[in-house]
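Enquirer: All I have is the shape, not the residue letters:
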């Protein structure tokens with residue numbers, strides 16, 4: 001009993017420090033937009049995969065995601081090989097980059113993180129808002145800053161598509177001052193598809209698990225009815 005009480009007191013002592021980082025993050029005055037996540041929308045996932053390979057995979061790896069998992073979102077093996085694989089990569093290989101971590105740290109100040117589970121770590125809304133919140137900042141090393149992630153080391157790799165935004169530090173509003181190749185709606189849709197793919201990549205078996213879960217619940221429901229009827233039949237002479 002004394003051992004249990006001691007453990008409880010120890011947990012209570014560390015609980016505030018465990019909650020502090022979460023509380024600090026929640027207190028930040030950042031409005032996160034709702035990400036359009038739909039794992040059943042294979043067209044969106046395919047567009048997101050294309051954007052990820054063309055714009056993100058140059059620096060960011062996804063070592064826990066293999067190219068052949070893209071078969072699950074409706075792509076054929078030929079489509080993957082022709083459009084998404086780099087030279088020398090095989091369809092069973094993970095989505096890795098050739099850039100050395102030491103070089104990446106030298107060029108960017110920090111090695112770009114692996115994006116395999118980024119959405120699970122930060123949340124889909126955070127990633128979606130982050131990709132839409134870059135703005136020009138002449139005081140930063142890269143010339144870019146971000147409302148959601150201040151002083152970010154990553155440059156705005158999608159700026160040609162979105163254009164250039166300006167941030168008003170008094171009103172805390174972003175204004176598009178130089179349009180890109182895409183309209184605002186088109187860019188938001190592109191980022192939505194990319195975030196949707198990143199969410200899928202973080203947990204590619206989630207949809208399959210959800211479908212299986214419904215069958216399990218249905219089975220348990222039928223089993224409950226049969227068990228109840230069996231119980232009544234077994235105890236009918238006693239009751």
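Expert: On my side now, so go ahead. Given the structure is predicted, the values throughout are model-derived calculations rather than measurements. Residues are numbered from 1 along each chain as shown.

Enquirer: Quick one: mean pLDDT for stretch 78-86?
Expert: Stretch 78-86 shows a mean pLDDT of 88.

Enquirer: Check stretch 184-196 too.
Expert: So the average pLDDT for stretch 184-196 ends up being 97.

Enquirer: If you count neighbours, what's buried in it?
Expert: Within stretch 184-196, the residues that count as buried by 16 or more other CB atoms under 10 Å are 187, 188, 190, 191, 192, 193, 194, 195, 196. Bear in mind the C-beta positions are built from the backbone N, C-alpha and C, glycine included.

Enquirer: helix, strand or coil for the fifth one?
Expert: For residue 192, the reduced secondary structure class is helix; criterion used: DSSP: H, G, I helix; E, B strand; the rest coil.

Enquirer: so what's the closest residue to residue 117 other than its chain neighbours up against?
Expert: What sits nearest to residue 117 in space, not counting adjacent residues and going by CB to CB, 6 or more residues apart in numbering, is residue 202, at 4.8 Å. Applying CB atoms under 8 Å, 6 or more residues apart in numbering to residue 202 gives the contacts 116, 117, 118, 119, 120.

Enquirer: Just the buried subset of these, please.
Expert: Here, 16+ other CB under 10 Å leaves 116, 117, 118, 119 buried among the contacts of residue 202.

Enquirer: Low-confidence stretches in this protein?
Expert: Scanning the chain with the threshold set as pLDDT under 70 gives 1-29, 87, 104, 106, 108, 206-211, 239.

Enquirer: Show me where it has its strands.
Expert: 62-66, 94-95, 134-136, 144-146, 163-168, 173-179 (DSSP state E).

Enquirer: Look up how far residue 69 lies from the residue lying closest to residue 174 once chain neighbours are set aside.
Expert: Of all residues not flanking residue 174 in the chain, residue 165 sits nearest, at 4.8 Å (CB to CB, 6+ apart). Counting by CB to CB, to the nearest Å, the gap from residue 165 to residue 69 is 34 Å.

Enquirer: Any chance of the strands of the chain in CSV with mean neighbour count and distance to residue 36 as columns?
Expert: Converted to CSV, the strands of the chain look like this (neighbours: other CB atoms under 10 Å; distance: least, CB to CB, whole Å):
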stretch, mean neighbour count, distance to residue 36
strand 62-66, 18, 20
strand 94-95, 21, 23
strand 134-136, 20, 19
strand 144-146, 20, 20
strand 163-168, 16, 21
strand 173-179, 12, 19
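
Enquirer: Which one of those strands lies nearest to residue 31?
Expert: Set against residue 31 and scored by CB to CB, the strands of the chain come closest in strand 173-179, at 10.7 Å.

Enquirer: who's in contact with the closest one?
Expert: With CB under 8 Å, 6+ apart as the criterion, strand 173-179 contacts 133, 135, 136, 147, 162, 163, 164, 165, 166, 167, 168, 184.

Enquirer: closest to residue 41 among those?
Expert: residue 184 (21.1 Å).

Enquirer: so residue 135 bridges to which residues?
Expert: residue 145 (DSSP bridges).

Enquirer: how near is it to residue 205?
Expert: Distance of residue 135 to residue 205, computed by CB to CB: 37 Å.

Enquirer: ok so, going back, can you list the strands of the chain in CSV and add distance to residue 51?
Expert: Compiled in CSV, the strands of the chain are given as follows (distance: least, CB to CB, whole Å):
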stretch, distance to residue 51
strand 62-66, 13
strand 94-95, 13
strand 134-136, 15
strand 144-146, 18
strand 163-168, 17
strand 173-179, 19
